[in-house]
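Undergrad: Sequence first, predicted model second:
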Amino acid sequence: MEIGKIPENILKRSVFKKLRVKRPEVLVHSGIGEDCSALTAGGEVIVLSTDPITGTAKDIGKLAFHITANDIASSGAELIGMLLTIIFPPGSTEEELKEIMEDVTALAEQYKVEILGGHTEVSAAVNQTLVSVTGVGKIARDRMIQTGGLRPGQDLVVTKWIGLEGTSILAKEKEELLRQRLPLEIWETARDFDQYLSVVPDAQTAMEVGVTAMHDVTEGGIFGALWEMAAASGVGLEVDLRKIPVRQETIEVCEIFDINPYMLISSGSMLIGTEHGSRMVEELKRAGIHSAVVGYATAGNDRVIINGEERRFLEPPKTDELFRAGR
């Protein structure tokens, strides 16, 4: 198997077919594209999500916090706490552990999230630091949102810009090359895209307007997120490529590495399904969040990307472009 997400066909036959127990307390079971699971707890739902950071070792504490907070936010829930697992390769230092914890706890204080526990160790099984976070959130049962809630005719909104996370990672990891190839201002702006990685405010505004589906755009980029939301919802799509928001800095970084920005890891961007696309964009703008209506859901299974006169069918997610960028 290649580096990156396990392909959908392998997941279906080798993972999901093996899951034979389904308990009545579980409201959202394992499935393609679902960011979270959920359990009943009286009148509320406990929402759970877990993710590792494997694409980089730089600023790994910040990335680990945001990716899990974003998953919980995609369900509409309030994040309560996190369980944190950190595995270091041999030769790591205590200073590295302190740096990760300082980054995580600063964000935990900002978002009022408790670190509930976890595990730390040094292991020869890894060759770079691995951080895995499990998030725990809560929400009223009748307000919970799933990736699979998109319905035909509904608008698709993308917040901020795609490729923010991947652009920032490459700007930091490939600093020497990019500073040679790009104007300093462009490199500095790309490097600082990590300031936009949270979609918690995006989700809060979206919930006020009204949504049926949300999915944070991570590994596989916007093309992967579109496919996963459509697959989870059992619908088709028509998406205008030219309406998908992308920064010029991302385009220039991607051109240097000959990678596709629409398939680049994109934490910081939320994909939203809603009946109120135009109003959603207006309310997000009032909240200081850039966004755009990029298309709509259709009946059937055709998932179409339109670029001028060209129409092409969306494909299942492949290895994220971050792993192809001369790494």
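TA: Sure, I can see it.
Undergrad: what sits against V217?
TA: For V217, the contacting residues are 158, 162, 224-225, 266-271, by Cβ atoms under 8 Å, 6 or more residues apart in numbering. Quick note: C-beta positions are derived from backbone N, CA and C, even for glycine.
Undergrad: Pick out the one among the residues you listed with the largest number of neighbours.
TA: Using other Cβ atoms under 10 Å as the neighbour test, the contacts of V217 are led by S266, with 33 neighbours.
Undergrad: Need the pLDDT of the residue lying closest to it once chain neighbours are set aside.
TA: Of all residues not flanking S266 in the chain, V217 sits nearest, at 4.0 Å (Cβ to Cβ, 6 or more residues apart in numbering). We note a pLDDT of 96 for V217 in this prediction.
Undergrad: what about V217, distance to I244?
TA: V217 is 10 Å from I244, where distance means Cβ to Cβ, to the nearest Å.
Undergrad: which neighbours do those two share?
TA: 158, 162.
Undergrad: does the residue of the chain most remote from its centre count as helix, strand or coil?
TA: Taking Cα atoms, centre = their mean, the residue of the chain most remote from its mean C-alpha position is G91, at 31.1 Å. Under the three-state scheme (DSSP: H, G, I helix; E, B strand; the rest coil), G91 adopts coil.
Undergrad: Repeat that for T50.
TA: Going by three-state DSSP: T50 is strand.
Undergrad: Now it. Nearest residue, chain neighbours left out?
TA: Nearest one to T50, counting by Cβ to Cβ, 6+ apart, is T134 at 4.3 Å.
Undergrad: what does V157 give?
TA: Using Cβ to Cβ, 6+ apart, the closest residue to V157 is I272 (4.3 Å).
Undergrad: quick one: the one you found and E249, what's the gap?
TA: 24 Å.
Undergrad: which of the two has more neighbours?
TA: Set I272 next to E249 and count neighbours by other Cβ under 10 Å: I272 wins out with 33 against 24.
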